[in-house]
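Enquirer: Sequence first, predicted coordinates after that:
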Protein chains: 4
Amino acid sequence: MAGSTFGTIFRITTWGESHGKALGVVIDGCPAGLELAESDIQRYLDRRKPGASSIATQRREADQVEILSGVFEGRTTGTPISLLVRNTSQNSGDYSEIASYYRPGHADYTYDQKYGFRDYRGGGRSSGRETIGRVAAGAVACRVLACLGINLCAYTRSIGPIEADMEHFDRDMILKVPTAMPDAKADAAAVKYLEEAKENLDSVGGCMECIIEGLPAGLGDPVFEKLDANLAKAVMSIGAVKAVEIGDGHQVSGRLGSENNDAFLIKDGKTGKATNHAGGILGGISDGDAILIRAHVKPTPSIFRSQRTVNRAGEEITARIKGRHDPVIVPRAVVVMESMAAMTVLDALLLNMSARMDSVADFYKTKR
Amino acid sequence: MAGSTFGTIFRITTWGESHGKALGVVIDGCPAGLELAESDIQRYLDRRKPGASSIATQRREADQVEILSGVFEGRTTGTPISLLVRNTSQNSGDYSEIASYYRPGHADYTYDQKYGFRDYRGGGRSSGRETIGRVAAGAVACRVLACLGINLCAYTRSIGPIEADMEHFDRDMILKVPTAMPDAKADAAAVKYLEEAKENLDSVGGCMECIIEGLPAGLGDPVFEKLDANLAKAVMSIGAVKAVEIGDGHQVSGRLGSENNDAFLIKDGKTGKATNHAGGILGGISDGDAILIRAHVKPTPSIFRSQRTVNRAGEEITARIKGRHDPVIVPRAVVVMESMAAMTVLDALLLNMSARMDSVADFYKTKR
Amino acid sequence: MAGSTFGTIFRITTWGESHGKALGVVIDGCPAGLELAESDIQRYLDRRKPGASSIATQRREADQVEILSGVFEGRTTGTPISLLVRNTSQNSGDYSEIASYYRPGHADYTYDQKYGFRDYRGGGRSSGRETIGRVAAGAVACRVLACLGINLCAYTRSIGPIEADMEHFDRDMILKVPTAMPDAKADAAAVKYLEEAKENLDSVGGCMECIIEGLPAGLGDPVFEKLDANLAKAVMSIGAVKAVEIGDGHQVSGRLGSENNDAFLIKDGKTGKATNHAGGILGGISDGDAILIRAHVKPTPSIFRSQRTVNRAGEEITARIKGRHDPVIVPRAVVVMESMAAMTVLDALLLNMSARMDSVADFYKTKR
Amino acid sequence: MAGSTFGTIFRITTWGESHGKALGVVIDGCPAGLELAESDIQRYLDRRKPGASSIATQRREADQVEILSGVFEGRTTGTPISLLVRNTSQNSGDYSEIASYYRPGHADYTYDQKYGFRDYRGGGRSSGRETIGRVAAGAVACRVLACLGINLCAYTRSIGPIEADMEHFDRDMILKVPTAMPDAKADAAAVKYLEEAKENLDSVGGCMECIIEGLPAGLGDPVFEKLDANLAKAVMSIGAVKAVEIGDGHQVSGRLGSENNDAFLIKDGKTGKATNHAGGILGGISDGDAILIRAHVKPTPSIFRSQRTVNRAGEEITARIKGRHDPVIVPRAVVVMESMAAMTVLDALLLNMSARMDSVADFYKTKR
C-alpha cells in the first residue's frame, strides 16, 4: 500500500520520476484476448503531451511507449503488461537550485518530512510526469470498455472564470483546441485569459468533467466500495485536484428533496430516470444512466513571481522558480481523469461478475 | 473487496441491516494496550442517535454496544475487537409496501439490478443504520488518535440556505444543538427552516465539515494512496454525500496561483504556512497544518409527498413513502464523517512508521 | 492485514477468544441468492466438536450458531453474513496459573513478545476455538461449491505410526469414527494408541488429507497467486500444522522426471492425465483432475507431564499444565482443513470469471 | 490479485516472459534512505544464472539489471524501484513446435484452459525466467535485512537420493559448487548422479532449505497471516515446489508431544529454547530462534525422451521436447527461495512496527 498500485482485479502499478531514466506501468489482471498495439496506447499519451500552443510548457518529450510484456501475437495474454516510456528531455540543471528550499504549493516539504530526503529534480515522483503510467494503463482500460459498448469523455469545463457553454457542447472540439474545452468560443476566451496570466507571471485553476456512457446498472458495491467513493479516490489522487463532485455535486446541499430526487420512469422499455441529478449512481451502485464526475484543479503552483518560503536550513527566504511549466494544469489533466475513471469502472465491472449465484452457476455450467 | 472492509492496518469490517437482528463491526489491527471500555464507544454512538427534537425521526433505538472480543482486563489485546448492537425497534411492517417498487433517490433499484433481489425492510444494508459499525469503530480510532495528541471535530456547516457563521465558531454548541452547528443563531434558523420543510412533506440538504488538528507532517503516500484521496473515498462512501472538498475545495478552480499558493514561513521555530488554502495536505502528504474536509449531503430521499416511480413489474406508478425518517441527514452524519476521517488518518499514521530506513533500524535496535 | 481476514472476493474476518463472550465470523462477498439456513452451518460446526469418545477433551460447548445478517427470506443477499457462537463453558479459573509462565509449544511467549501482554485464558486468540469462525464460513463456501458440482472430503490419514489403508478407503467411516479415519481397522488401532499416550500423560501427532473433486481446469493464477500457494497458506495457517504437501508432495524430491511426469491422454472425450502425481495443479492452475492436499500436524503441545520452561519474570521453572485438552489435534482439525481448502478454491473460482475478454463480453452482452 | 504482486508494505510486482523483450519488477514500499547500487542486485541475479558446469542449461543470458527509478544519489527514495533485465538469447524457433501440444508436467494445458491461448515460447510467463523479478527484489529485501542484523542462507539439501551431510555443513561451499550444496562430497556425488540422468535423457528432483538468523521474536500475525503460513505461500509459489515444511516438518505427525515440545530456558540472559523442532515459529509468530524452511522440488518436467501427450486438436500423440533445460531445478532455485523468504519476513517486520500502542506513541512523540 505504498501508494503506487491501483485497482483490485484490473490492477496497475506505476513507477518513475520526472528526471529519472524512464517512467512506466505494469498492468496485471487485464482480461486475455484483447487486441492491443502500441499505437492504441500512444494515442492516449499524445493527448497528455503539451501542445504547440502558447499556453503549454516548453519541455518537449516524445513519450514513446514500448510494450515489454503481456502481449503475444497482437493480443493480451492475461499476464502482466509492462509499458515503458523513456525520458529524453531532462534538463536537471534547471532544478538544482530547488534542492535547497521548499516551493510553495508543491510536495517538496512534505516529501522531505516523510522520507528524510527527496529527488528534487523536477519534483521527482510528485511531478505531473507521474501520470504517464496512469494514462498508458487508462488507454488499455478504455479499450476493454469500448469493446463492451462503454465510452468515456473528459473535457475542460472551466478555466479561471471562463466556463464552457454546455448548451452548445461540441465533442469534436475537445481534441482540437488547446484548452480541451467542448466549445470553441470559450476556448478562445480562455486562451486569452491564460496568456494574460502568463504575462503576469501567474497561473490559473480550472474545472474538468468526465461523462461515462453505456455503463450497465448494478456496478459498485455497498458501504465502503461504493462506485462514487472509488471514483472520488481515483480522481482526488490526481495531483492538484482539491474537490470531486458526482452528478449535481455541491449544489445538492442547498436543495429540497422534492427538487433533488430523480423520478423513475420507463424509457425504451427499461427502467430509467426523468432527470439525472444523481449522476448515474444510487446507493453507491450504477443505475444505468450516464455517470457524471467533476473535479476542481488548483492553479499550477509553479509561478515565476518571487515567493516567500523556507529553505532546508529552516530560514525564511524569497525565491523565484525557474524551469518549464504550464500556466494551467487542466487541459493536460483531462485525459488523466478519463484514465482514472476508466480503470475504476472497469474494476467494478470485473468484480461484479461474481455477485450472484445464478451468474456463477451459469458461468461454470459450460466448464464441466 | 465486496465492500464492507475499510483500511489496511487499522482495518474494519461492518455488517448488518436496518431491520435484521443486529449490526456490528470487527476491528482488526488496533494496536495492543489501548485502554478501552464500552462507554468510550457508547459516547460516539449516542451522538449518532436521533435527538428528541422536532427535526428527528421517531424511530427510537437504544443502540447499546457490547464488546465481544479483543479487550482483556480493560485493554486491547491486538486481536480483533468485535462490537455488537442489537436492533430492538424494527417495525418491518412499515416497509412491506416498498418491496414492490423503487423509491426515488434510494438504492432499491440498483440493489435489485445487482443482486436480483433485496432485503427491502428499511433499505436493508443501504440504510443509514449501516453507519453504526462505522461510528463504533471510529470511536476506537479517535481514542488512539487522542492518545497521540490528534483531535477531530466535525460539525454542520450549512442546512439548506442557512450557513453557520464561522467567525463566531463555538465548538461547545456542536454537541448541544439539534443541528450540530457550531453557532446557536444559525441552529435556530435552521430548525425553523427544517420544520417548514417537514410541514411541506419535504426534506433538506446540507453541508458538513471536519477539522483534524495535531496531525504530524509526513502522513499519506504518493500517487494513488494520497491522504486526500483516501479521505475523499472515506467521506464519499457515506450514503448521500455527493461532493468532497479538501481545504478551499471547489473555489480553487477560479483562482490564480499567486492567490492560492500558501507561503511557507517559520512558526514557533518550525516550518509552517502563512495561509492554509491547501487544507493541510501537499502532494497527498500531510504538511503539519490542520486538515480541512467538507462534504455536501443530498436531502433525505424519503419524502412524504407522492412521487412518480416504477414498480418491480416495470410499470410507472405514483407512490407515497411511509415510515420514520429525518428531514435532513447532516446532523446525524457529522459523527460518521468524523469516524471515517479518524480511521483514514490513523491508518496513514500506522502505515507511515515503516517509511524510512533509519526509523526501522531504530525500532529494531532495541529488540535484539 | 492484522491477520484475521482471508480471501479476496469471498472474504472472511474471524474474531473471538477461547474464554471471551463469543466467537464469530463475517463473510463478505458470498454470491447473492444462495439458499442458506443455520442448520447448514451447524452441521459443520458439529463435526468440529469433541465427540463423546475416550480420546476427546472434556470441555463441552453447544457451539450453537446464530445468523445475524446477510440472509433474507432464506437466501443470501450479497451483503455480509455475520455468524455468532456464544461461549458457554468457560472455566477461566483453570487457566489463571498459566498467566505467569510460557507453556512449551504454545504461543504464550510469542504473543507476549509481540503485544506486551496477552489474554492468557485458554490461549485467548491462539486457542483451537479460533477455528469456529473458519468452519462456520467454510460451511457456506462448501454449500456454494456443492451447487457447482464441486465436493471436498477431508479425513485423518495417520495418527502417530498408525496409517489408514487407502486401498480400502471408506468415505462413510470418516464421520462415524472418533479419529475421522476412512478405515475402521486403523481407527481402532489409533484409538488404542491414543489411550496409551493419554495414560502416559502424553499426546500424539497426525496427518490429514483433503481431496477436492469436480473442480474445473483453469483456476488459480500464475506466479504468486498459484492455487497451490494459496492452499499451502490456507492450510499452514491452521494452528499446529508444520508441513503441507500437494499431490505426491515431499516424495517428488527423490524422483526422476520420467517417473514423475503425468502423461496427458483423452478420457471421456476430454483431456485428462494417466496419473495424478501433480495433485491436480500444473503451473499453479487447476488441471481438472482431483486436487490432493496433505498436512502434518504436531502433537497437542498441552501434555500433563512436568515440563521445563520459563516464567514472565525470566526464571527457569518446572510446570505442569492443567485444563482440558485433546490428546491429538487431527480428528477435529479435519473439518477445519476442509473449510480452508473450500474457501481457497471458491475464491479462485470467483476471481477466474474475469480472466478472459470473451467471458467478460458474454456476461455483459445480456446486461445492456 | 491477478497473481503478479506479492507483499503488503514491501510490495513487489513482477512481469515478463521467457522469450519477450525483457523481464522486471517494481518494488514499492522499500524504506527510504537505503544505500543501493545495481551491483548489489546483480550479485543475486548471478547466483540464479546457470553455471558453466556439465549440469546446466546451454542458454546463456547476461541478465544485466538496470535500475530505472526509485534510487537517487545512491539511496532509495521511498518511491517505486523499477528494475529491468533485457532478454538477449531468445531462440524462439526452438519452441515453435510446442505451440501445438501440451508438454507433460508443464503449464501449457492449464494456461490454455484459463486464457484460451498462450505465449508458447519457452513457457512464456510460466518459465523459470519469471523468477528474475523475484530474485532482483529479493536482493533488495536481503539488503534491508542485513542492515538490521538478519541473515538468510539457502542451499540444496538433497538431489535425488544424494543428501548433504549436515554434520559437516560448510557454508562457503554453497556459492562455489554447481549443486549449491553445503558439502563438497555430496556435491561430487550429485554431479555424477545428474550426469547419468542426463545421459538417460532424464531429470532429477531435489530438496532445498533456507535458514533465517537474527530475526527478533514477535513477527507474524495470528490466525491467517501467520509467519509460517506466509512463508509456505511464498515458497510454494515457486514453480515445481510440491511440499513446504517448517522446522521438523512432516516428521511431527509421527511424534509424541513429549518429544516434540521445545522446552524454554534462559540463554544469554534471554528466553530461548532447548531445542528448535518448531523451526523458530510458535503460534504463527517468530520466537527469536532460527527459522528453518524446507521445500521439495519436482524433477525438471522437460526431459528429452519421447512422452505420451495430447495436442490442441484433442488427439493423443507422442512427442519429444527440444530446447535447453537444466536436468535439475534446485541449484538455481535456492536463491529464489532465499529471495521469497527474505521478502516475507521483511514484510512481517515492517507490519509489526504498529502492533503496540506504546511503540506508536514513542514513534510519534518525536514528530510533534
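Expert: Alright, I've got the coordinates.
Enquirer: Let me know the angle separating the longest helix anywhere in chain A from helix C:330-351.
Expert: The longest helix of chain A (DSSP state H) is helix A:330-351. For helix A:330-351 against helix C:330-351, the angle between stretch directions is 130 degrees (axes from the mean of the first three to the mean of the last three Cα atoms, to 10 degrees).
Enquirer: Can you name the next helix or strand after helix A:330-351?
Expert: helix A:357-365 (DSSP states H and E).
Enquirer: And the stretch of helix or strand A:Leu145 belongs to, how far out from the chain middle?
Expert: Counting by DSSP H and E, the element that carries A:Leu145 is helix A:131-147. In this view, helix A:131-147 has its centroid 11 Å away from the chain centroid, taken as Cα atoms, centre = their mean, to the nearest Å.
Enquirer: what about whichever helix or strand comes after that helix and chain B, touching?
Expert: For helix A:131-147, the following helix or strand on the C-terminal side (DSSP H and E) is strand A:151-159. Yes: contact of strand A:151-159 with chain B (Cβ under 8 Å from any Cβ of the partner chain) involves A:Ser158. Where you see a C-beta, it was placed from the backbone N, CA and C, and this is true even at glycine.
Enquirer: Stretch A:41-50 too?
Expert: No: using Cβ under 8 Å from any Cβ, stretch A:41-50 never reaches chain B; the gap is at least 15.8 Å.
Enquirer: And for stretch A:19-33?
Expert: No: residues of stretch A:19-33 are not located near chain B by Cβ under 8 Å from any Cβ, the shortest gap being 10.9 Å.
Enquirer: How far does that stretch sit from its chain's centre?
Expert: Using Cα atoms, centre = their mean, the offset of stretch A:19-33 from its chain centre is 16 Å.
Enquirer: Would you work out how far apart the start and end of that stretch are?
Expert: When the termini of stretch A:19-33 are compared using Cα to Cα, to the nearest Å, they are 35 Å apart.
Enquirer: if you average pLDDT over it, what comes out?
Expert: Across stretch A:19-33, pLDDT averages out at 97.
Enquirer: Then stretch A:135-152?
Expert: 98.
Enquirer: Pull out the buried residues from it.
Expert: For stretch A:135-152, a neighbour-count test (16 or more other Cβ atoms under 10 Å in any protein chain shown) marks A:135-145, A:148, A:150, A:152 as buried.
Enquirer: out of those, who's nearest A:Asn260?
Expert: A:Leu152 (25.5 Å; Cβ to Cβ).
Enquirer: Now A:Gly51: which helix or strand?
Expert: Here A:Gly51 is assigned to no helix or strand, by DSSP H and E.
Enquirer: Any part of stretch A:285-304 near chain B?
Expert: Yes: Stretch A:285-304 reaches chain B (Cβ under 8 Å from any Cβ) through A:Ile285, A:Ser286, A:Asp287, A:Gly288, A:His296, A:Val297, A:Lys298, A:Pro299, A:Thr300, A:Pro301, A:Ser302, A:Ile303.
Enquirer: now swap in stretch A:161-172 and tell me
Expert: Yes: judged by Cβ under 8 Å from any Cβ, stretch A:161-172 comes into contact with chain B at A:Pro161.
Enquirer: what's the neighbour count on A:Lys185?
Expert: 14 (other Cβ atoms under 10 Å in any protein chain shown).
Enquirer: since we're on A:Glu73, how many residues are nearby?
Expert: The burial count for A:Glu73: 8, using other Cβ under 10 Å.
Enquirer: ditto for the one 3 residues further on
Expert: A:Thr76: 25 surrounding residues under other Cβ under 10 Å.
Enquirer: Okay, A:Ala243 and A:Ala32: tell me how far apart.
Expert: 38 Å (Cβ to Cβ, to the nearest Å).
Enquirer: Who has more neighbours out of the two?
Expert: More neighbours surround A:Ala243 than the other of A:Ala243 and A:Ala32, with 29 against 23 (other Cβ under 10 Å).
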